[in-house]
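I'd like to go over a predicted model; first the sequence, then the structure.
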Amino acid sequence: MISAVLYRKDGRYTGYRASGHSGYAEAGSDIICAGVSALSITCVNAMESLLGIRTSPDVDEETGMLSFDLPELTEDQKAGAQLLLGALGQGLSDLQETYPGYVKFEIKERRK
């Protein structure tokens, strides 16, 4: 199962982590893994190309892990980042609803 988490503090998204493999189909044919990967990588790339935010994600292809925390941002970057992460969350939520046994998505509050 793929586990994806958007982290939030004080009502704002602060980071993201996804890991695991869905097991829906064999590697290279798994539409769920492809969907989560496309959403995640598009979010990271759009942060950099559209907003100038370098997230410096940690990636481990073996475990299917991608994670990042937002760095210090300008006010304009903050608004854009929230929009992109909200869209990522919507896509992951939709995948979880369509394929409930293969994707677990949640939003977690950060304390620190």
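Received, thanks.

Just the mean pLDDT for the top helix by length along the chain, thanks.
The longest helix of the chain (DSSP state H) is helix 75-98. The pLDDT scores in helix 75-98 average 97.

Packing partners of it?
When contacts are defined as 3 or more C-beta pairs under 8 Å, 6 or more residues apart in numbering; DSSP states H and E, helix 75-98 packs onto strand 2-9, strand 12-19, helix 31-51, strand 103-109. In this view, the C-beta of every residue, glycine as well, is placed from N, C-alpha and C.

so which of the ones you listed comes closest to Gly80?
Smallest distance to Gly80 across these (C-beta to C-beta): 4.4 Å, for helix 31-51.

Name the residues of the closest one that are buried.
For helix 31-51, the neighbour count (16 or more other C-beta atoms under 10 Å) marks Ile32, Cys33, Gly35, Val36, Ser37, Leu39, Ser40, Cys43, Val44, Ala46, Met47, Leu51 as buried.

what's the closest of those residues to Leu85?
The closest of the buried residues of helix 31-51 to Leu85 turns out to be Cys43 (C-beta to C-beta; 6.8 Å).

Distance-wise, check the residue sitting furthest away from the middle of the chain relative to Tyr99.
Distance from the centre of the chain peaks at Glu26, with 22.1 Å (C-alpha atoms, centre = their mean). Glu26 sits 16 Å away from Tyr99, going by C-beta to C-beta, to the nearest Å.

Roughly how far does the residue farthest from the centre of the chain sit from Pro100?
In this view, Glu26 and Pro100 are 21 Å apart by C-beta to C-beta.

Next, the contact list for Gly101, please.
Met1 (C-beta atoms under 8 Å, 6 or more residues apart in numbering).

what's the pLDDT at it?
Gly101 carries a pLDDT value of 95.

Same check on Lys112?
Turning to Lys112, the model gives it a pLDDT of 67.

what do you get for Gly28?
We note a pLDDT of 86 for Gly28 in this prediction.

Also the one 4 residues further on?
According to the per-residue confidence, Ile32 scores 96 in pLDDT.
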